[in-house]
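In: I would like to see how this sequence folds:
(2 chains)
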Amino acid sequence: MNRLQTVSDLAALRRDLASAPKPDATLRVCSTGCRALGALGVCDALEAEVAKRHLADRVRVARVGCHGLCAGAVALVIDPKGIFYQGVTADDAAEIIEKTVLGGKVIRRLCWSGNGRAVSRQRSIPFYKHQTRRVLANCGVVDPTSLEDAIAHGAYATAAKALASNDPEAVIDEVTRSGLRGRGGAGFPTGRKWLLARQAPGEVKYLICNADEGDPGAFMDRALLEGDPHLVLEGMLIGAFAIGASRGVIYVRAEYPIAIEHTEIALAQAQEAGLLGENILGTGLDFRIEIRKGAGAFVCGEETALIASVEGGRGMPRPRPPFPATSGYRGKPTNINNVETLANVPLILREGRRWYARVGTDGSKGTKIFALAGKVNNTGLVEVPMGATLREIVYDIGGGIPRGRKFKAAQMGGPSGGCVPARYLDLAIDYDSVKDVGAIMGSGGLIVMDEATCMVDIARFFTDFCQKESCGKCAPCRVGTRRMLEILERICRGEGEMEDIDRLAELGRVIKEASLCGLGQTAPNPVLSTIRHFRPEYEAHIKEKRCPSHACEALAPVSCASACPAHVNVPEYVAMIAEGRFADALDLIRRRNPFPSVCGRACHHPCELFCRRGDVDEPISIRHLKRFVTEHVRDLGMPPQWQGPRRGRVAVIGSGPAGLTAAYFLALAGREVTVFEALHVLGGMLAVGIPKYRLPLEALQRDIEYIRRAGVNTVTGRRIGSLDELRGEGFDAIFIATGAHVGGKLGIPGEDLDGVEDALSFLRQVSLDQLKEVQGRVVVIGGGNAAIDSARAALRLGADAVPILYRRTADEMPATADEINIHGDGRVRAVACARMRLGDADEGGRRRPIPVPDSEHLVECEWVIAAVGQYPELDFAMDDDRVAVTNGRLTVDPVTLRTDGGDVFAGGDAVTGDPVMASSEGIDVFAGGDAVTGPATIVDAIAAGQRAAQAIDVFLGGAGELPPDHGFASPGKAAEPEDQAAAHRMPIRARSPKKRRSDFDEVIKGYSRQAACAEARRCLRCDLE
Amino acid sequence: MTDTSATREARAPAPPSDAEIASLLDSLAVSPASNLIGLLQNIQDRFGYLPPPALADLSRRMRTPLSRIWGVVSFYAQFYTEPRGRHTIRCCRGTACHVKGAGRVIDAVQRELGIEEGEMTDDLLFQLETVACLGTCFLAPAMMIDNQYFGKLTPQGVQSILRSFRAEHT
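Out: Residues are numbered from 1 along each chain as shown, chains lettered A, B, ... in the order given. All right, here's what the predicted structure looks like:
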């Protein structure tokens, strides 16, 4: 390009470029971030297709920067219509040109889709709709290697205007009053920084652009330099003019080859065009920029360390003052700004400070770019106004958490920041609010973490990072982070002590106070913030030797087996199924869980939630494989029989999963066990709580029969009056597993009317065939499993319609419905209720329902089923001086399940839940009192029975051991990676809704032998790693 | 991969001669005012590592103590003073990769190659490094072999990637 001599030359060039003929269509392919997934091949294929069809003058293929939606790589936008395609490969090129460019038709397969709906226009995709893309406006639009393209989009016009005005103070004033704060992390007001540098005495001044984006998880500076480098250069030019700098340096990470390449091209172009260098645009201003590549040191993000590195030395910080503004690079006044900060500057001057400050919060103006990554669907680069909430970023823009897992925290600010937990999902994010909750805005890395992310491990990870990156100058940072790391590693291995938590807090405090630079002053933040918000996770590692997220290698070597409360050896039995050893697989399951037929159908399968295959495509269908072996192995088999006399008599009260499991393992260990059941059927809630279409009676009976064959005595129809009654009969130990069979009350008028039932008694009557028909409209109140089961049962019994009333939306969890009134005269006639809207997050991150004023209305009905909680009935134990009942639940030791009474143990729903377990497992049967029944608790009950059996066996003088369950599958049978990669999860078939509405036959169908083996072969065999 | 260290020595490329070093430094116009880090990056680009004789020569030309040069070389993660494998594998251990299971992927790479981080394979083909973040979090867990990216890795997947890369490059 010819050198532009004056400001008006630039304007003339822009006019010329604007009046040049436009192509009919422009295909903008992300050629930076998407390069990793083959973007250049896509460009080549599109160009070849355009050439082949002689469309070169009508269709342009532009190699542009990041479109932002990195999850959709390779991404391209077709203008002028703004059609967005994702996951594009070179093979799609011909079709795109043929159908979309020439034919004007959208290819649905390549569109973003959500809720089954394909969206073709970029601006209509939720990811873009909820953003305010100002700084990123041209990223993904301009060709970053073309100065003409940049100028056509307005580049350098603002700088030229500023230079021509010859009033640097006015520029500084405008930037100051816009409220722009440094985007590198600390948030220092940019205008003030510039003023200090301008006022510093000195002939030669430097402006350094800090592109040493060292925070793991941050990539906005990379994207800006790759996608819109002239914007950053223009910002630097304006800054240089404002402070009077004649030299500039861009300090960029060597790990960013594309950013370096594009910046080098842009610099050469700007230099050649007279937009940088000497006498820029004839204004007399000289400003030259050079690039310095970092050599891999995180501490160089700190400004004094960065200067030392730019000077060619070890990148170690030094004390301030003197501040760089007075004595920086080569002892001259030096101003350092971050890439994103500089990219904001042209916008402020072009549109004015008022426009700029129109978005943002009181203390933080404008927008912020976040690099959104981790456990979120739409990873990528997002720009939102300051003051946006985490919920908007993670859910509206990010599309939520994959695999149906729950949001646990967002890590903000990298190694200097902290973890923001779910209860702050609705916090308006700006520099100050984020700091208040223990994190920092930082450069904008935002890593989403879910239930499978261990917060202790995250603290360990960042401490490891800081310890490696500590430059070593200050002992508190160098040695202190090392000590912190050792403690955290110990805790992650399950070797921590409770005092370690205090030690970490104390070390953190000292390191923060006594370190010289930002690295040391912030290094303890990730540890301190996780202790602050996730202390129960630390305690679980220390006290229970358990990683609640099933992530810590030493405590959870195989995540599916670790996530199973009963710790069934999942990978081995799945491997056995793959080998065709079905009976062996069934035997292995029963070594930890005597209810394979039940769990194969009604378990809530936390194993699948944590299955690593799910990170690749879909988790192994573990529950359904379990069901397959129980159906395929027709011979019920015989449990190992105790040889010799049985010693120690144990009474088990309640024949639900907890009671029968305990009885089973005690019988295997040679104890004489009798199970007492108040009803005339065995199985507890399995028999009278779960409808038969989910759990057929025959399946339950098979499991119970097997348990009895181990030598368990059962007595039905006997309700225990007191514990002394059993002691009097000579039992040495008692296990209380009576469950929670009393339905919660609404506590509102009209509850006693005919036709109003609680869900548990309704389901019990249905299971026992005492209730065979319902008529009319049946209103179900609540949203838990009991509510859904009641609704499904009511439909099968003939209900006309079953509206379900929730306080929240269908996406939320259930809760009691105390805003509801029941109307009627003798018999229920209607339910009066109010509409609710979702408010801000509660402690657990769930949104609180808030009544909408004047929204009261009636829902007419003939029946009301209230599924609002369930409680144990513990009258028989109330007066016993050896057991304690708190809040209607029995109090026991969380590990041994032993009550204070010594001979009495209790488990399952009858027990007070440990709040640590409750919150971390996401199962709050005990803690919250929500009606999370049936499948959510079966395997927990089995685990409780297992633990109780061990504790009781020890109490009776035994070793408390369970049958051996490791090393039975042949190793090395894991499928070849190619097979695994190709195989999709085998579909699970169900009867059609029409057919199943009229009967109680099982809805879900089992796997065939072939399907089961194919599914089992998908297992990645994490246990062999 | 049962090479003894003696055969490994024999197969390793000869270190650059003094003349090669001198000619490179001549072309870089080294002076006391040169930027040390930039020079070191140039030398490493040329030889794949920083041969100690080149550092000694640099020290004379820059009139800078060798100790200061070693101080800089040893400070930065990207400088190497020993020869390296022909292809550099950079496994990302950034936050996003970490939460998506990079640890297991890195273990699998180490197992497959039989080397630890910072080492090279006996056939001189691979050099294994981990980096703080590749800035490609959407590919997590990710790694690079030279300038080529590989994303959404699993322990089993890296095994086949490495095997086919080896097959293509030997």
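In: can you report phi and psi for residue 74?
Out: Unless you meant another one, I'm taking chain A. Dihedral pair for residue A:74: phi -80, psi 130, per degrees, to the nearest 10.
In: measure it to chain B for me?
Out: Distance of residue A:74 to chain B, computed by Cβ to the nearest Cβ, to the nearest Å: 12 Å. C-beta here means a position set from N, CA and C on the backbone, and glycine is covered the same way.
In: list the contacts for that residue?
Out: A:29, A:30, A:34, A:37, A:38, A:39, A:42, A:86, A:87, A:88, A:89 (Cβ atoms under 8 Å, 6 or more residues apart in numbering or on different chains).
In: in chain B, what residue spans correspond to helices?
Out: Assigned by DSSP state H, chain B shows helices spanning B:5-11, B:18-27, B:36-47, B:52-62, B:66-75, B:95-99, B:102-113, B:155-169.
In: output the ones you listed in CSV, with distance to chain A appended to each entry.
Out: Below are the helices of chain B laid out as CSV (distance: least, Cβ to the nearest Cβ, whole Å):
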stretch, distance to chain A
helix B:5-11, 27
helix B:18-27, 16
helix B:36-47, 4
helix B:52-62, 10
helix B:66-75, 4
helix B:95-99, 4
helix B:102-113, 6
helix B:155-169, 4
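In: highest mean neighbour count out of these?
Out: Of all those, helix B:95-99 carries the top mean neighbour count, a mean of 30, counting by mean count of other Cβ atoms under 10 Å in any protein chain shown.
In: what's that helix in contact with?
Out: Under Cβ under 8 Å, 6+ apart, the answer for helix B:95-99 is A:216-217, A:373-375, A:379, A:411, A:414, A:445, A:447, A:449, A:453, A:458, A:461-462, B:105, B:133-134, B:137, B:140-142.
In: just the ones of these in strands?
Out: If you go by DSSP state E, those have A:373, A:374, A:411, A:445, A:447, A:449 in strands.
In: low-confidence ranges, chain B, go.
Out: Chain B contains residues with pLDDT under 70 at B:1-13.
In: in the stretch 501-650 of chain A, which residue sits closest to chain B?
Out: Taking Cβ to the nearest Cβ, chain B has its nearest neighbour within the stretch 501-650 of chain A at residue A:616, 5.6 Å off.
In: list phi and psi for the closest residue to that residue other than its chain neighbours.
Out: For residue A:616, ignoring the flanking residues on the chain, the nearest one in space by Cβ to Cβ, 6 or more residues apart in numbering or on different chains is residue B:154 at 5.6 Å. Main-chain torsions, residue B:154, degrees, to the nearest 10: phi -130, psi 160.
In: check contacts around residue B:154.
Out: By Cβ under 8 Å, 6+ apart, the contact list for residue B:154 reads A:612, A:615, A:616, A:977, A:1020, B:101, B:105.
In: tell me the buried residues within these.
Out: Among those, those classed as buried by 16 or more other Cβ atoms under 10 Å in any protein chain shown are A:612, A:615, A:616, A:977, A:1020, B:101, B:105.
In: the fifth one touches residue B:159, doesn't it?
Out: No - proximity of residue A:1020 to residue B:159 does not meet the contact threshold set by Cβ atoms under 8 Å, at 11.5 Å.
In: give the contact list for residue 65.
Out: I'll assume chain A. Residue A:65 sits next to A:30, A:31, A:32, A:139, A:140, A:142, A:144, A:223, A:226, A:227, A:228 when contact means Cβ under 8 Å, 6+ apart.
In: sorry, I should have been clearer: chain B.
Out: Residue B:65 is in contact with residue B:59, counting by Cβ under 8 Å, 6+ apart.
In: helix, strand or coil for residue A:345?
Out: Assigned by DSSP: H, G, I helix; E, B strand; the rest coil, the conformation of residue A:345 is helix.
In: count of neighbours near it?
Out: Look at residue A:345: counted by other Cβ atoms under 10 Å in any protein chain shown, it has 30 neighbours.
In: swap in residue A:838?
Out: For residue A:838, using other Cβ under 10 Å, the count is 16.
In: can you list the residues that contact the helix or strand harbouring it?
Out: According to DSSP states H and E, residue A:838 maps onto strand A:836-841. Residues from elsewhere that reach strand A:836-841 (Cβ under 8 Å, 6+ apart): A:391, A:422-426, A:807-809, A:812, A:819, A:847-852.
In: who wins on neighbours among the ones in strands among the contacts of helix B:95-99?
Out: Counting by other Cβ under 10 Å, top hit in the ones in strands among the contacts of helix B:95-99: residue A:373 with 34 neighbours.
In: can you pull the contacts of that residue?
Out: By Cβ under 8 Å, 6+ apart, residue A:373 lies in contact with A:217, A:379, A:445, A:446, A:447, A:448, B:95, B:96, B:137, B:138, B:140.
In: up against chain B, what does the stretch 301-450 of chain A have?
Out: Residues of the stretch 301-450 of chain A lying close to chain B (Cβ under 8 Å from any Cβ of the partner chain) are A:309, A:311-316, A:371, A:373-375, A:379-380, A:411, A:414, A:445, A:447, A:449.
In: what do you get if the cut-off is 7 Å, keeping everything else the same?
Out: Residues of the stretch 301-450 of chain A lying close to chain B (Cβ under 7 Å from any Cβ of the partner chain) are A:309, A:312-315, A:371, A:373-375, A:379-380, A:411, A:447, A:449.
In: which one of those residues is nearest to residue A:18?
Out: For those, the residue nearest residue A:18 by Cβ to Cβ is residue A:380; the value is 30.6 Å.
In: can you tell me the closest non-neighbouring residue to the closest one?
Out: What sits nearest to residue A:380 in space, not counting adjacent residues and going by Cβ to Cβ, 6+ apart, is residue A:70, at 4.0 Å.
In: likewise residue A:399?
Out: Distance criterion Cβ to Cβ, 6+ apart; nearest residue to residue A:399, sequence neighbours excluded, is residue A:377 at 3.6 Å.
In: got the CA positions of the helix or strand containing residue A:734 in CSV?
Out: According to DSSP H and E, residue A:734 maps onto strand A:733-736. This file holds the C-alpha atoms of strand A:733-736, laid out as CSV (Å, rounded to 0.1, in the frame of the first residue of the first chain):
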residue,chain,number,x,y,z
ALA,A,733,-27.9,-56.0,68.0
ILE,A,734,-30.7,-54.1,66.4
PHE,A,735,-30.7,-52.3,63.0
ILE,A,736,-33.4,-49.8,62.5
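In: okay, the buried ones among the contacts of residue B:154 in a markdown table with secondary structure and distance to residue B:73 next?
Out: Below are these laid out as a markdown table (DSSP: H, G, I helix; E, B strand; the rest coil; distance: Cβ to Cβ, whole Å):
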| residue | secondary structure | distance to residue B:73 |
| --- | --- | --- |
| A:612 | coil | 40 |
| A:615 | helix | 39 |
| A:616 | helix | 41 |
| A:977 | helix | 40 |
| A:1020 | coil | 42 |
| B:101 | coil | 34 |
| B:105 | helix | 30 |
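In: which of the residues you listed lies closest to residue A:660?
Out: Ranked by distance to residue A:660 (Cβ to Cβ), the buried ones among the contacts of residue B:154 are led by residue A:612 at 31.8 Å.
In: residues in contact with the closest one?
Out: A:559, A:1020, A:1022, B:101 (Cβ atoms under 7 Å, 6 or more residues apart in numbering or on different chains).
In: in CSV, list the contacts of residue B:154 along with distance to residue A:53.
Out: As requested, the contacts of residue B:154 are exported to CSV (distance: Cβ to Cβ, whole Å):
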residue, distance to residue A:53
A:612, 46
A:615, 41
A:616, 38
A:977, 39
A:1020, 45
B:101, 45
B:105, 43
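In: lowest-confidence one in these?
Out: pLDDT across these is lowest for residue A:977, at 48.
In: endpoint to endpoint, stretch A:727-737 covers what distance?
Out: The first and final residues of stretch A:727-737 sit 17 Å from each other (Cα to Cα, to the nearest Å).
In: kindly report the same for stretch A:240-260.
Out: End residues of stretch A:240-260 are separated by 21 Å (Cα to Cα).
In: so the residue nearest to residue A:380 makes contact with residue A:379?
Out: Yes - Residue A:70 is in contact with residue A:379 according to Cβ atoms under 7 Å; the separation is 5.3 Å.
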